[in-house]
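A.B. asks: got a predicted structure plus its sequence, pasted below:
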Amino acid sequence: MAGSNTGTRRQRPNILITGTPGTGKSTTAAALAEATNFRHICVGDLVKEKNLHEGWDDKFECHIINEDLVIDELEDIMQGGGIIVDYHGCDFFPERWFDRVVVLQTENSVLYDRLTKRGYSGTKLSNNLECEIFQVLLEEARDSYKEGIVTALQSNTVEDISNNVASLADWIGSLRPC
């Protein structure tokens, strides 16, 4: 049963998909949600829609999220299970929320191309590339969650994304009661 390792009694697991911007989190999460009839929550979109931030960071050209407000907004939703959360950070989410934490990783040349197509440049571009080079999100996930639930997956191509979605959907299917 989902959540059995975390002391909860959810019927369906919750999954966190994280990684450096540009690794395919939202694409993977949306495809997995469609394949499994789970709900996809993109935290960046939620922050904008519900005003769960403390303003704008001019240097990094993004909202400064209020982590406490995000947690408060999601707490009841996460209890039911069947949720796929995607965000480029993971250390502030309660460990009890997730049955699987997926860290997407992308080769730097591929990531560079994706980020420059999005208009990233200067500090924002270099910081995100360094984050991927030094596997900051993988370390953050390993430090924040139980060893057995953290998985790193390559996300360089459309085929990688399809394979990742199929693998995660199979895992979800293996947890469902007969």
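C.D. replies: Done, it's in.

A.B. asks: which residues touch stretch 17-32?
C.D. replies: If you take CB atoms under 8 Å, 6 or more residues apart in numbering as the criterion, stretch 17-32 is touched by 15, 38, 40, 42, 84-90, 101-106, 111, 114-115, 118, 120, 128, 131-132, 136-137, 140-141, 155, 160-162, 164-165, 168-169. Where C-beta positions appear, they are placed from N, C-alpha and C, glycine not excepted.

A.B. asks: buried among these? Make that a PyMOL selection.
C.D. replies: Selection of buried members from the contacts of stretch 17-32 for PyMOL, criterion 16 or more other CB atoms under 10 Å:
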select buried, resi 15+38+40+42+84+85+86+87+88+89+90+101+102+103+104+105+106+111+114+115+120+128+131+132+136+137+140+141+155+160+161+164+165+168+169
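
A.B. asks: out of the contacts of stretch 17-32, which are inside helices?
C.D. replies: 111, 114-115, 128, 131-132, 136-137, 140-141, 160-162, 164-165, 168-169 (DSSP state H).

A.B. asks: quick check, K50 in contact with E73.
C.D. replies: Yes - contact criterion CB atoms under 8 Å: K50 and E73 qualify, at 6.0 Å.

A.B. asks: looking at the two, which is more packed in?
C.D. replies: E73 (17 against 11; other CB atoms under 10 Å).

A.B. asks: which helix or strand contains the more buried one?
C.D. replies: helix 67-79 (DSSP states H and E).

A.B. asks: pull the CA atoms of that helix into PDB?
C.D. replies: The C-alpha atoms that make up helix 67-79 are tabulated as PDB, following Å, rounded to 0.1, in the frame of the first residue of the first chain:
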ATOM      1  CA  GLU A  67       7.700  27.700   1.500                       C
ATOM      2  CA  ASP A  68       5.400  27.700   4.500                       C
ATOM      3  CA  LEU A  69       2.500  29.000   2.400                       C
ATOM      4  CA  VAL A  70       3.200  26.300  -0.200                       C
ATOM      5  CA  ILE A  71       3.200  23.600   2.500                       C
ATOM      6  CA  ASP A  72      -0.100  25.000   3.900                       C
ATOM      7  CA  GLU A  73      -1.700  25.000   0.500                       C
ATOM      8  CA  LEU A  74      -0.700  21.400  -0.300                       C
ATOM      9  CA  GLU A  75      -1.100  19.700   3.100                       C
ATOM     10  CA  ASP A  76      -4.700  18.500   2.700                       C
ATOM     11  CA  ILE A  77      -4.300  17.700  -1.000                       C
ATOM     12  CA  MET A  78      -1.300  15.400  -0.400                       C
ATOM     13  CA  GLN A  79      -3.100  13.300   2.200                       C
END
